[in-house]
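J.: Give me the fold of what follows.
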Amino acid sequence: MGLAEELGDKLAIDVLKVIDKLGDDQLVMEVAKVLAASSTPTEEAFLTSVRVRQAEARARGFLRDYVKKELAKRPQTPKD
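T.: Reported below is the predicted structural model:
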């Protein structure tokens, strides 16, 4: 991983944490604009990292919900 990718990923992690706390989804694009003004490679790495991390979080949420749903379909066995 190159420097731009490493720094973009670290920044993406921090921005996503702030979004979780404050709920401001526009923050990603605001940070991307700041990056674009000085480093296009870092901007691209940042946006890629954000997309990948958000996609992974959605997939994990889907998997968690799927497992809950499937387990709820199973008959409950009484414990002794």
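J.: Tell me where this protein is predicted with low confidence.
T.: 80 (pLDDT under 70).
J.: let's see 90
T.: Within the chain, the ranges that satisfy pLDDT under 90 run 1, 75-80.
J.: ranges for the strands of this structure?
T.: Counting by DSSP state E, the chain has no strands at all.
J.: longest single helix anywhere in it?
T.: helix 40-73 (DSSP state H).
J.: So which bits of that one are buried?
T.: In terms of neighbour count (16 or more other C-beta atoms under 10 Å), helix 40-73 has its buried residues at Thr42, Glu43, Glu44, Ala45, Phe46, Leu47, Ser49, Val50. Yep, even glycine has a C-beta here, placed from its N, CA and C like the rest.
J.: Please name the residues that touch the third one.
T.: Meaning Glu44. By C-beta atoms under 8 Å, 6 or more residues apart in numbering, the contact list for Glu44 reads Ala4, Gly8.
J.: quick one: it from Val34, how far?
T.: 14 Å (C-beta to C-beta, to the nearest Å).
J.: rewinding a little: out of the buried residues of helix 40-73, who's nearest Leu27?
T.: Nearest to Leu27, judged by C-beta to C-beta, of these is Val50 at 10.0 Å.
J.: which residues sit in contact with that closest one?
T.: Val50 sits in contact with Ala12, Val15, Leu16, Val28, where contact means C-beta under 8 Å, 6+ apart.
J.: what's the answer for Pro41, then?
T.: Contact analysis of Pro41 by C-beta under 8 Å, 6+ apart lists Gly2, Ala4.
J.: All set, thanks.
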